[in-house]
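*Asks:* Quick one: sequence and predicted model below, then my questions.
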Amino acid sequence: MRSAALLLLGLPCFVLPCLAQLPEDAEALLHKAAGAYRSADTWHFVASERTVTEAGDQRKETETLVLTARGEGGRTRVEFDDRASAGVAVNDGRASWVYLPRQNRYAKLPPKGSEEPAQEGAPALNSEALVRRFPDRYKLADERVVNARILRNEQVGLQSGEADCTVVEVQYNPPPGMREGSIERTFWIARDTGLIVRERSLASMAQPGQPGQKVRVTQEIDFQMALVNGGFDSGLFEFAPPPGAQRVESLRPDAEPTETIDAVAPDFTLQDLGGGSVQLSSLRGKVVLLDFWASWCGPCRYDMPIVEQLHKERAADGLAVYGVNAEAAERARAYLAGNALSFPTLVDRGMEVAGLYRVRAIPTFVVIDRQGRVSAYLRGTQSRQQLEQALEKAGL
């Protein structure tokens with residue numbers, strides 16, 4: 001299948017001084033940029049996005065590589081990789097397909113209006129909102145502007161070559177419903193096309209239910225490809241299964257190998273917070289409870305005292321409890337110590353194990369029996385009774 005576009009995501013962006021004359025009117029540039037996206041009928045964008053959300057002492061960071069394209073006749077393509085999961089969705093004008101690279105599995109989606117059940121996770125990949133991700137974001141670049149000023153000219157390296165850009169700093173009025181909010185964005189606008197090829201933004205708003213506290217969201221978007229209204233390969237909208245890919249009827253979570261009850265649990269080796277190494281397969285003979293959690297996750301914090309009780313009370317029965325955390329080790333260690341939690345936690349900084357176990361939301365609990373097979377897969381908050389029932393089923 002055609003996946004060369006995602007390889008472009010690793011290309012660096014180069015910033016060089018530019019001696020061209022600065023335009024005089026920042027708002028005119030914003031209007032030109034917004035107009036370019038409003039008039040876009042077809043497009044091809046490839047970008048890397050990094051988002052950091054901070055609220056009090058909680059911090060969440062995500063990094064996503066994304067391709068979104070639309071051609072004539074309703075043909076579309078979306079690719080994403082956010083470290084925890086990855087996927088490709090293609091509509092070739094006749095049929096829609098979804099491919100999950102880390103499983104090397106693909107499926108054909110039911111047509112719109114069909115009575116066939118939708119595939120969980122697949123509609124989000126193939127949704128019009130995701131296809132229109134960047135045109136919908138930037139067609140409003142000239143609305144609710146409070147102040148705009150030109151900072152400088154720069155050249156930004158894209159896959160198609162260097163783009164001569166004007167850098168514009170903009171302050172916006174927040175949208176209705178955004179309490180005590182402020183939005184600041186800096187755009188790198190290509191002078192020839194009016195397309196935005198880089199963005200740095202900061203949004204701040206009041207935290208619901210927390211008087212005096214703010215939520216801050218910073219975002220960095222770097223484009224490696226930005227084309228509208230033609231000029232790109234129509235082969236983007238063709239789907240050809242990669243070598244060795246398995247076609248399946250369903251991509252629902254309960255059909256995935258890592259989540260199928262009685263399937264062999266995928267092996268892994270991770271370091272714990274003390275620097276030691278833990279290999280899952282070395283725990284054969286024990287019942288293993290994996291708790292995927294994060295310090296910023298409210299539902300995780302609710303469940304962790306229950307996990308701690310099970311760790312202390314059932315270890316003698318052959319239970320091995322391990323948290324799995326993708327945050328910096330120092331942050332996870334501080335949270336555990338500050339809340340008197342002693343169960344061992346493994347550092348999954350690259351979210352490779354979370355991806356291996358198809359963790360889409362946290363908390364997620366995976367129970368593995370004494371023979372090393374998945375016995376239960378539980379998403380969301382769980383009561384002690386629910387967890388004990390899952391452990392009993394696994395042979396504890």
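*Replies:* Cool, the structure landed. Residues are numbered from 1 along each chain as shown.
*Asks:* how about the residue nearest the centre of the chain, what does it touch?
*Replies:* Nearest to the geometric centre of the chain sits D82, at 3.8 Å (CA atoms, centre = their mean). D82 sits next to 62-65 when contact means CB atoms under 8 Å, 6 or more residues apart in numbering. (C-beta placed from N, C-alpha, C; glycine too.)
*Asks:* Just the buried residues of these.
*Replies:* By neighbour count, with 16 or more other CB atoms under 10 Å, the contacts of D82 hold 64-65 as buried.
*Asks:* possible to save the contacts of D82 as JSON lines with pLDDT?
*Replies:* Listed next are the contacts of D82 as JSON lines, based on pLDDT from 0 to 100:
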{"residue": "T62", "pLDDT": "85"}
{"residue": "E63", "pLDDT": "89"}
{"residue": "T64", "pLDDT": "90"}
{"residue": "L65", "pLDDT": "92"}
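*Asks:* Name the nearest of the contacts of D82 relative to S160.
*Replies:* Of all the contacts of D82, S160 sits closest to L65, with 17.9 Å by CB to CB.
*Asks:* Strands along the stretch 51-200 of the chain, start to end?
*Replies:* 58-70, 76-81, 86-91, 96-100, 105-108, 145-158, 161-172, 182-190, 196-206 (DSSP state E, counting those that start in this stretch).
*Asks:* Rebuild the ones you listed as TSV, extending it with distance to M304.
*Replies:* Listed next are the strands of the stretch 51-200 of the chain as TSV, based on distance: least, CB to CB, whole Å:
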stretch	distance to M304
strand 58-70	15
strand 76-81	29
strand 86-91	29
strand 96-100	30
strand 105-108	33
strand 145-158	43
strand 161-172	39
strand 182-190	34
strand 196-206	28
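*Asks:* between the ones you listed, which has the poorest average model confidence?
*Replies:* Ranked by mean pLDDT, these bottom out at strand 105-108, with a mean of 84.
*Asks:* Just checking: what are the partner strands of that one?
*Replies:* strand 96-100 (antiparallel), strand 246-247 (parallel) (DSSP bridges).
*Asks:* what's the closest of these to Y335?
*Replies:* Using CB to CB, the nearest of the strands paired with strand 105-108 to Y335 is strand 96-100, at 31.8 Å.
*Asks:* Export only the CA atoms of that closest one, formatted as CSV.
*Replies:* Below are the C-alpha coordinates for strand 96-100, written out as CSV (Å, rounded to 0.1, in the frame of the first residue of the first chain):
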residue,chain,number,x,y,z
SER,A,96,-13.7,2.3,2.3
TRP,A,97,-10.9,0.4,4.0
VAL,A,98,-9.2,0.6,7.4
TYR,A,99,-5.7,-0.8,8.0
LEU,A,100,-4.0,-1.2,11.4
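*Asks:* Can you check what angle separates it from strand 76-81?
*Replies:* Here the directions of strand 96-100 and strand 76-81 differ by 10 degrees (axes from the mean of the first three to the mean of the last three CA atoms, to 10 degrees).
*Asks:* What mean pLDDT does stretch 289-296 get?
*Replies:* Over the span of stretch 289-296, the pLDDT mean works out to 92.
*Asks:* Contacts for that stretch next, please.
*Replies:* Applying CB under 8 Å, 6+ apart, the contact partners of stretch 289-296 are 55, 58-60, 300-301, 303-304, 307, 310, 319-327, 331-332, 335, 343, 345, 354, 357, 359, 362-368, 387, 391.
*Asks:* State the helix or strand in which K312 lies.
*Replies:* Counting by DSSP states H and E, the element that carries K312 is helix 298-314.
*Asks:* can you state the direction angle for that helix and strand 58-70?
*Replies:* With the same axes, to 10 degrees defining the directions, helix 298-314 sits at 120 degrees from strand 58-70.
*Asks:* counting contacts, what elements does helix 298-314 pack onto?
*Replies:* Where contact means 3 or more CB pairs under 8 Å, 6 or more residues apart in numbering; DSSP states H and E, helix 298-314 is packed against strand 287-292, strand 319-325, helix 384-393.
*Asks:* Tell me the gap between the last one and the middle of its chain.
*Replies:* Mean-position distance between helix 384-393 and its chain equals 31 Å (CA atoms, centre = their mean, to the nearest Å).
*Asks:* And for the first one?
*Replies:* Distance of strand 287-292 from its chain centroid, counting by CA atoms, centre = their mean, is 23 Å.
*Asks:* Show me the shaky parts of the stretch 201-350 of the chain.
*Replies:* Applying pLDDT under 70 to the stretch 201-350 of the chain flags residues 207-212, 250-261.
*Asks:* Helices of that one, residue ranges please.
*Replies:* Using DSSP state H, counting those that start in this stretch, the helices of the stretch 201-350 of the chain run over 298-314, 329-338.
*Asks:* Please save the CA atoms from the last one in PDB.
*Replies:* Extracted as PDB, the C-alpha positions of helix 329-338 are listed here (Å, rounded to 0.1, in the frame of the first residue of the first chain):
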ATOM      1  CA  ALA A 329       9.700   8.300  35.700                       C
ATOM      2  CA  GLU A 330      10.200  11.200  38.100                       C
ATOM      3  CA  ARG A 331       6.600  12.300  37.800                       C
ATOM      4  CA  ALA A 332       5.200   8.800  38.200                       C
ATOM      5  CA  ARG A 333       7.500   8.100  41.200                       C
ATOM      6  CA  ALA A 334       6.500  11.400  42.900                       C
ATOM      7  CA  TYR A 335       2.800  10.600  42.500                       C
ATOM      8  CA  LEU A 336       3.100   7.100  43.900                       C
ATOM      9  CA  ALA A 337       5.200   8.300  46.900                       C
ATOM     10  CA  GLY A 338       2.800  11.200  47.600                       C
END
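*Asks:* Identify each buried residue in it, please.
*Replies:* Across helix 329-338, burial judged by 16+ other CB under 10 Å covers 329, 331-333, 335-336.
*Asks:* possible to save those residues as TSV with distance to R144?
*Replies:* What follows is these, written out as TSV (distance: CB to CB, whole Å):
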residue	distance to R144
A329	41
R331	35
A332	39
R333	43
Y335	38
L336	43
